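1. Sequence and predicted model, in that order:
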Amino acid sequence: MRSVIFLFVLSLVSGCAHTAVVKSWEPAEIDARGINRIAVVDFTGEKGSEIASALSARLWSNDFYTLVDHSEFSSEIQPASYSDHQGIHGLLASASGAGVDAVIVGSVIQFSCEDNVLSSTELDIRSYTDSESRESVAENSLLIESQETLYREATVTIAFRLVDVETGEILASKQISKHTQGEMKQGENSLPEKGRMLDQLLTDCLDEIVHMLAPHEMTCEMELATCEFWTKGSSHVKEGSKLASKGRWDEAKFAWEKALLKNPDNHAALYNLSISAVRNQNYDAAEEYVLDALKCEHKGCYTAGLEKIRERRSALSRANEQREARVASSDDSLWQ
């Protein structure tokens with residue numbers, strides 16, 4: 001029994017337990033080489049114009065494409081429907097004259113938030129007890145309790161296409177649907193506002209579209225390492241992990257480096273310094289640190305961390321290749 005308790009305590013003080021969030025780059029899902037100038041045309045459906053403007057703003061802040069205001073086109077073709085092939089054909093001809101490489105057309109299929117009230121009834125049979133004799137009396141009471149629950153459900157569904165102006169080829173096409181719901185029982189809690197629910201769902205939809213079309217920064221959760229409390233430098237490792245979880249990375253790195261000064265073989269400090277390097281997107285240094293940690297102590301979480309580091313480095317490389325290809329095609333177009 002004592003050995004079991006010891007192993008349990010050991011699991012709490014050694015290994016990978018704490019987590020930290022770092023940012024890394026992810027490539028676009030599509031190959032958009034040769035596409036530099038794009039325009040987002042008003043979507044059809046409820047709030048189509050507002051949603052198209054929000055998507056334009058999101059793509060503009062991403063800074064991968066050059067956004068062209070669709071008002072530069074002929075006003076006759078602006079209402080082109082997502083599924084109106086003849087309208088899209090006219091749109092492409094007009095966009096070509098404005099020097100646009102691709103257009104985004106879309107449709108808001110659903111943008112709704114509805115409330116439903118459901119009533120439920122509970123029956124409770126209770127027996128009375130004589131307070132003096134403390135004996136049950138052969139009399140029962142039937143209690144009927146009614147409960148109302150408010151259910152709020154919100155759904156946003158958007159379909160879009162990225163169309164090559166020159167060839168008419170559909171470069172990307174997807175229907176994205178996001179849904180959320182909440183419930184409020186009588187007098188127990190509150191529900192988020194309808195507008196806030198719809199705004200969050202719309203943000204999630206637009207994020208998915210941008211992630212599909214352009215390289216983007218994403219958050220990545222990485223596990224931080226701990227070491228046995230009797231290991232030299234363990235207090236600095238613990239201190240660094242607390243600082244990193246609060247986003248104080250410079251101080252965290254300094255704490256882990258102090259742990260290594262006390263003990264160059266402190267595997268947890270080495271591994272956590274690799275995560276600090278990942279945060280700075282210095283993947284060569286990150287891999288070197290984690291390999292040193294594995295030489296000192298072979299742990300499954302270190303191996304998993306090494307795989308994730310290599311995965312993040314590969315993703316950054318693909319994202320950079322997409323940026324370089326876009327710049328090269330943009331430079332070529334200047335000489336045409």
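-> Yep, it's here. Quick caveat: nothing in here was measured; it's all calculated off a predicted structure.
2. what kind of secondary structure is the nearest residue to Leu306 once chain neighbours are set aside in?
-> Spatially, and ignoring its direct neighbours in sequence, Leu306 is nearest to Val290 (4.9 Å; C-beta to C-beta, 6 or more residues apart in numbering). Using the backbone N, CA and C atoms, a C-beta is placed for each residue, glycine as well. Under DSSP: H, G, I helix; E, B strand; the rest coil, Val290 falls in the helix class.
3. Could I get the pLDDT score of Val290?
-> Model confidence at Val290, given as pLDDT, is 96.
4. What distance do you get for it to Asp284?
-> 11 Å (C-beta to C-beta, to the nearest Å).
5. Neighbour count for the two, which is higher?
-> Using other C-beta atoms under 10 Å as the criterion, Val290 and Asp284 rank with Val290 on top: 28 against 10.
6. that older thread, which residues does the residue nearest to Leu306 contact?
-> Listed by C-beta atoms under 8 Å, 6 or more residues apart in numbering, the contact set of Val290 reads 270-271, 274, 302, 305-306, 309.
7. mind checking how far Ile209 is from Asp31?
-> From Ile209 to Asp31 the distance is 16 Å (C-beta to C-beta).
8. Between these two, tell me which one has more neighbours.
-> Ile209 (21 against 12).
9. Flag the helix or strand of this structure with the lowest per-element mean pLDDT.
-> helix 2-13 (a mean of 37; mean pLDDT, DSSP states H and E).
10. what element comes up after that one heading to the C-terminus?
-> As assigned by DSSP states H and E, the chain's next helix or strand after helix 2-13 is strand 15-26.
11. nearest to Lys232, of the contacts of Val290?
-> Leu270 (13.3 Å; C-beta to C-beta).
12. any idea how far that closest one is from Lys246?
-> For Leu270, the distance to Lys246 - C-beta to C-beta - is 22 Å.
13. Please identify which of these two sits among more neighbours.
-> Comparing Leu270 with Lys246 by other C-beta under 10 Å, the one with more neighbours is Leu270, at 26 against 11.
14. Now the more buried one: closest residue in space, sequence neighbours ignored.
-> Ala293 (3.9 Å).
15. Could you report the neighbour count for that neighbour?
-> Residues near Ala293, counting by other C-beta under 10 Å: 25.
16. The helix or strand where it lies relative to strand 15-26, how many degrees between them?
-> Using DSSP H and E, Ala293 sits in helix 283-296. For helix 283-296 against strand 15-26, the angle by axes from the mean of the first three to the mean of the last three C-alpha atoms, to 10 degrees is 160 degrees.
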